[in-house]
Structure formats: C-alpha cells, structure tokens
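> Turn this into a model:
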Amino acid sequence: MRRCPLWLALAALSCPAVAIAGVTITILDVGQGDATLVESTSGQTLLFDGGPNGTGASVILPFLADEGIAALDFIVTSHYHEDHIGGVDEVYSHTGASGGVWDRGWSYTTATYTAYANAVAADRHTLADGQVFDLGDGVTATCVCLNGNGEVNAPYNDSDLENEYCVGLLIECGDFDFFQAGDLIGTNDGGHVDIETGLGQELLALGKADLEIYRVSHHGSYTSSNAAFLNAITPEVALISVGADNTYGHPHLEPLQRLQTRDVFVYMTSEGNGATLPPADLAVVGGHIVVATTGTQTYTVDGDVWEMDEQGVSPVAIVPATFALLGNHPNPFNPATILSFRSERGGAGRLEIFDVAGRRTWDERFVAPAGPYQLTWRGVDHRGDAVPAGVYLYRLTMPDGQGTGRMTLAK
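Numbers count the residues shown, from 1 in each chain. Down below sits the predicted model:
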C-alpha cells in the first residue's frame, strides 16, 4: 500500500482541517552524481535521474522504502552519462513507472546506457520540448529544454555534446519555481556549446524566470551557471550535488563566485573536492537536501525557512516564535495517540519519533494550516509495522518553532 509521501496523510484522519497542497523535493545524496525525487501532496512522484551505477540499489531504493513509496509515477533522465542514469535500471526494476520513463530519445554507446535502455524498454518514451508532467495538487514539472535547445542540430548522438543535450525541468507549485538540468552547459570554450544563455532568455520571455531554487548544473563545474543565465533566472538558493572525493575538483571556484556575487545562498550534499565559499554563504548538509513548500509565502531547505521573492535573505525564521506544542493524548496509549499543536504561521512541518536508543522510528513531512492542528501516530514504523511497547520521544518542527515530548506505548 502506497501512502502520501513525506506529507502526513494521517492528519486527514485526525483533523477536519482542509488539506493544503504542496510539494517536497529531495536532492538525494548519491555522491558524484544526480538524483532528485519530486513528491506532490497528491501522492504522485517523479524521479529525475538515478545517480551512478549501484546507487539505485544502495541509496535510492532504501530511501523510497523508508518513505513508504513502493511505486513511482514518472522517471525522467537528463542525459546518458553514467552518474545520471546508472541507478535507473536498479530503481525501475523494483518500482516501475506507471506514467512511463522519459528521456531525450536517440541513443548512446556505453554499457551503462545499454543496461538502462534494456531495462526500461517497455515503458520508455521520448520527451518533447514544453511537455508537462502533472503531479496533482497544482504541482507540475515542465520540460523546458532538451537536445541542445535549438543551439545544435540533429542527429543528437555526438558523444562530445552529451551534456549539451541535457533535459531541463522546471518544477512549479503555486509561486514556487525550481529548475534543474543535469549537466547543462553554459560555455563555448573547449568545444562546448553554450545552452544556458539562450535558455535563460527563453525562460524570461515565457515569464518563467525569477526562481526560488536553482539546482546547479554539472555538480558546480566551471562549464555551468554562466553570468547571463544567472542574471535571467535570479535564484535565491542554489543546491549542488557533489561527491566528497570526486576527481574533477567540483565544485569549481568560478560558478561559486558567480553565485556569491548575486547573493545566492548555496547548499551542498557534501563539501566536494574543490573550491568553497565562506560559511556565511554556504551550508554543507552532509546528506540528502530536502526542500518543502505549499507554494505560498515560504519554502524550507534543510529545515531553513526562506521567504519567496526575497533576494539575499539569510535562512532564518521570518516570523516570531508563535509555535506551541500541546502534547499528546492519550498517554500512555494503545494503539494510537493524537499529537496537538498550534502554529500561527502554518506551513510545511516535520514529525520525528525516536525510541529511547535514539533510533528514528517515524519521520514525516506534512503541511498544516495556521492555528490548531492534530496528527495521529498509530504506533507503527515507516513500513507500517507495529513497534514494540515502550517509551518514545517525539520532535515536531514548524516554520515558527519546535517542540519535543515523551510518550508511552502500552501493550
């Protein structure tokens, strides 16, 4: 049975409040590679890229299992390099993709590509520029570039231009905009073709620029994130997926400096093996980077609260502490208990439940309206299995505060 991912579906059972639509985007820490999971409150999911060979099984599938996601709706790949498609066949063989596996078409000549193409053949489809994936609850992912975006000509099978062929997805939820495009190129040096500059102007013309978040292309390589593109998309936050011991020297200094001069705050999955920014401009998460929003007013990145359309604001709470945790009842309980709280702001929240040894039993993202709200925990773990009797600790986090409590499951 598949539940509504990351957002607390149990809230609907315990509180008559009207559900709030939203999206969670998780940058999965797959080392030197890319994989992004997009989850709508409707329960629909889209996996963009699958990391290097082996990480589908070692990273992505365990994450999906922890989130209770047994099947995916869509898989989209940016291009055919191993660090982007290597894990897709591993994931697809377990989850499938009810809405299909989508890529740029054409082909490639590596063993990794062949394994990918053979695995997904039954559900494989070719993307079209402008194609929209409707994930429900107002969440969409739109293909805004592929196969050179008009800067190169067919046939699109020149292995030297594989990065230029990258698919770009614009993810939208209300007023929230998020862009990612694999290893997209922004320079004409070294035989490359600049795709970013023209794409930036296209997004401006479509009224699709002014991003909240830019998922930095090519792991922070100097070939990405050129000045013209950044000036067009004007992101507030940048996210970099990079391996701690990568041999490419990623992230490079040039794109980091371009982001810094535009007051763009940077989050990275690891410290990488290249240049760094001062701590005031950079956060090394050391794992998955989680973004959540209802599409209005604010969004969170790794728990930091950001206000939309506010350039250069450090990640701090934007409202006074107006959160109150009201405890759980009954306590002791069997089989379920209701956790009550009040949040003057409302928005994206998180409920974590730990056993007394500190092991996390339950970890959920949810969206709550302003005012009083209740959540129900039914004494189960991520997989829906009943947990043993005993003492459990919980932590509930909202944009305007955090509270902790203690409860006892009696059997």
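> which intervals of the protein have sub-threshold pLDDT?
Within the chain, the stretches with pLDDT under 70 are 1-20, 309-321.
> Domain map for this protein?
With domains defined by automatic domain parsing, the chain comprises 21-293, 323-409.
> Quick check: which of those is nearest to residue 306?
domain 21-293 (6.3 Å; C-beta to C-beta). (Glycine included, C-beta is placed from N, CA and C.)
> buried sites along the helix or strand hosting residue 197?
Secondary-structure assignment from DSSP states H and E places residue 197 in helix 196-205. By neighbour count with 16 or more other C-beta atoms under 10 Å, helix 196-205 contains the buried residues 196, 197, 198, 199, 200, 202, 203.
> Take those and lay them out in a markdown table including distance to residue 323.
Formatted as a markdown table, the buried residues of helix 196-205 follow (distance: C-beta to C-beta, whole Å):
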| residue | distance to residue 323 |
| --- | --- |
| 196 | 41 |
| 197 | 44 |
| 198 | 46 |
| 199 | 41 |
| 200 | 39 |
| 202 | 42 |
| 203 | 37 |
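> rewinding a little: show me what the helix or strand following the helix holding residue 197 is packed against.
For helix 196-205, the following helix or strand on the C-terminal side (DSSP H and E) is strand 213-215. The criterion is 3 or more C-beta pairs under 8 Å, 6 or more residues apart in numbering; DSSP states H and E, and the helices and strands that strand 213-215 contacts are strand 176-180, strand 237-240.
> Give the burial count for the closest residue to residue 51 other than its chain neighbours, as a bare number.
Leaving aside its sequence neighbours, residue 51 sits nearest to residue 30 (C-beta to C-beta, 6 or more residues apart in numbering; 3.1 Å). Neighbour count for residue 30, taken as other C-beta atoms under 10 Å: 28.
> what does the one 5 residues further on give?
One way to gauge burial is a neighbour count; for residue 35, by other C-beta under 10 Å, it gives 29.
> Over to the one 5 residues further on?
By other C-beta under 10 Å, 27 other residues sit near residue 40.
> ok now do it, which residues does it touch?
With contact set as C-beta atoms under 8 Å, 6 or more residues apart in numbering, residue 40 has these partners: 21, 22, 23, 135, 136, 137, 139, 173.
> tally of neighbours for the fourth one?
Residue 135 is flanked by 24 other residues according to other C-beta under 10 Å.
> what about the strands in the stretch 201-350 of the chain?
Secondary structure of the stretch 201-350 of the chain (DSSP state E, counting those that start in this stretch): strands at 213-215, 237-240, 265-268, 282-284, 289-293, 298-301, 304-307, 323-329, 337-343, 347-355.
> possible to save those strands as a markdown table with distance to residue 409 and mean neighbour count?
Formatted as a markdown table, the strands of the stretch 201-350 of the chain follow (distance: least, C-beta to C-beta, whole Å; neighbours: other C-beta atoms under 10 Å):
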| stretch | distance to residue 409 | mean neighbour count |
| --- | --- | --- |
| strand 213-215 | 39 | 26 |
| strand 237-240 | 38 | 26 |
| strand 265-268 | 36 | 24 |
| strand 282-284 | 36 | 18 |
| strand 289-293 | 27 | 25 |
| strand 298-301 | 30 | 25 |
| strand 304-307 | 32 | 19 |
| strand 323-329 | 11 | 18 |
| strand 337-343 | 8 | 21 |
| strand 347-355 | 10 | 21 |
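> Throw those strands into CSV and include distance to residue 131, thanks.
Formatted as CSV, the strands of the stretch 201-350 of the chain follow (distance: least, C-beta to C-beta, whole Å):
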stretch, distance to residue 131
strand 213-215, 19
strand 237-240, 24
strand 265-268, 28
strand 282-284, 33
strand 289-293, 23
strand 298-301, 25
strand 304-307, 29
strand 323-329, 41
strand 337-343, 37
strand 347-355, 28
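> and the gap between the nearest residue to residue 354 once chain neighbours are set aside and residue 407?
Nearest residue to residue 354, sequence neighbours excluded (C-beta to C-beta, 6+ apart): residue 393, at 4.8 Å. To residue 407, residue 393 is 8 Å away according to C-beta to C-beta, to the nearest Å.
> quick one on the thing from earlier: any chance of the helices and strands packed on strand 213-215 in TSV with distance to residue 283 as columns?
As requested, these are exported to TSV (distance: least, C-beta to C-beta, whole Å):
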stretch	distance to residue 283
strand 176-180	17
strand 237-240	10
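> for those, which one sits closest to residue 119?
strand 176-180 (22.9 Å).
> picking up where we left off before, the more surrounded of residue 393 and residue 407?
Between residue 393 and residue 407, counting by other C-beta under 10 Å, residue 407 is the more crowded of the two (21 against 15).
> residue contacts, the residue lying closest to residue 283 once chain neighbours are set aside?
Leaving out its chain neighbours, the residue that sits closest to residue 283 by C-beta to C-beta, 6+ apart is residue 267, at 4.9 Å. By C-beta under 8 Å, 6+ apart, the residues touching residue 267 are 237, 238, 239, 240, 282, 283, 284, 285, 289, 301, 302.
> again with residue 120
Counting by C-beta under 8 Å, 6+ apart, residue 120 has contacts 75, 88, 89, 92, 97, 101.
> Among those, which one has the most neighbours?
Going by other C-beta under 10 Å, residue 88 tops the contacts of residue 120 with 29 neighbours.
> Quick check, that residue in contact with residue 79.
No - the criterion here is C-beta atoms under 8 Å, and residue 88 misses it with residue 79 at 11.8 Å.
> before we move on, back to that, wait, which of the strands of the stretch 201-350 of the chain is closest to residue 375?
Using C-beta to C-beta, the nearest of those to residue 375 is strand 337-343, at 4.8 Å.
> between the closest one and strand 323-329, what angle do the directions make?
Calculated by axes from the mean of the first three to the mean of the last three C-alpha atoms, to 10 degrees, strand 337-343 forms an angle of 170 degrees with strand 323-329.
> strands paired with strand 337-343, and their directions?
strand 323-329 (antiparallel), strand 371-377 (antiparallel) (DSSP bridges).
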